[in-house]
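> What shape does this take:
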Amino acid sequence: VLVGDPLIVRLILAFDLLSFANGGLFSSAVLWMSASERSHGMMMNEQETGIAFTLFGIAGFIFQVSCFKPLNKRHGLRVMLRAGALALALGCFLLPFGQGLLARGGTLQSWAKWVAVGVPMAVMGIGFMLALPILSTCISNATDPAIQGLTQGVAQSSSSLLRGLGPFISG
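Residues are numbered from 1 along each chain as shown. This is a model prediction of the structure:
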């Protein structure tokens, strides 16, 4: 039933891809943050890594409660979805540059470490908080009401499976 609708298939695949990236990115980010400077990591302990992920969540939350509704009204879901994907990609792109910038100074300054990690994590948080709910909404809106539960179940199940495979495949 679901395979016959190309729009639903594409939306579920996009949702799954984002979930896979979510799982892989989080595990890779933890490894990178805790790695030594010699291994091109950020030398962060468990508490600092937790704070970095808290910044991720707080940035996404603040964006959703303060900016999402007016921006969605002005630009629409398609533009917002693209912006979310772009923000996620930008944050992923910026994250590894943090260690390189810090290494040039010769020492790992605490404030610089938080800027180098905090800014990309905040950008990624906003991207995730934009893209995941929008894709879920698009799947729901594009589905025939008679099979909405089936469609959401398939989307969430496949998303969970790929979110779990993300860390396994990414390292």
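> alpha carbons only for contacts and neighbour counts from here, please
OK.
> residues touching the residue nearest the centre of the chain, list them.
Central residue of the chain (CA atoms, centre = their mean): F128, 3.8 Å from the mean position. Residues near F128 by CA atoms under 8 Å, 6 or more residues apart in numbering: 60, 84-85, 88.
> can you check L77 too?
So L77 contacts I134 (CA under 8 Å, 6+ apart).
> From G127, how far off is it?
Distance from L77 to G127, counting by CA to CA, to the nearest Å: 13 Å.
> next structured bit after the helix or strand bottoming out on mean pLDDT in the chain?
Least confident helix or strand, the chain: helix 97-104 with a mean of 66, by mean pLDDT, DSSP states H and E. The element immediately downstream of helix 97-104 (helix or strand, assigned by DSSP states H and E) is helix 110-142.
> Buried residues, whatever helix or strand A14 lives in. List them.
According to DSSP H and E, A14 maps onto helix 6-34. Residues 8-9, 11-12, 14-25, 29-34 are the ones in helix 6-34 that count as buried (16 or more other CA atoms under 10 Å).
> can you give me the angle that helix makes with helix 110-142?
160 degrees (axes from the mean of the first three to the mean of the last three CA atoms, to 10 degrees).
> Helix 6-34 packs against which elements?
helix 46-63, helix 110-142, helix 148-170 (3 or more CA pairs under 8 Å, 6 or more residues apart in numbering; DSSP states H and E).
> Now do the phi/psi pair for P96.
Note on P96: backbone dihedrals following degrees, to the nearest 10 are phi -70, psi -20.
> related to what we said a few turns ago, just want the angle from the helix holding A14 to helix 46-63.
140 degrees.
> average pLDDT for helix 6-34?
In this model, helix 6-34 has a mean pLDDT of 90.
> Likewise for stretch 157-166?
So the average pLDDT for stretch 157-166 ends up being 92.
> Distance from the chain centre to that stretch, please.
Relative to its parent chain, stretch 157-166 has a centroid offset of 14 Å by CA atoms, centre = their mean, to the nearest Å.
> Could you give the secondary structure assignment for G4?
Secondary structure, DSSP: H, G, I helix; E, B strand; the rest coil: G4 is coil.
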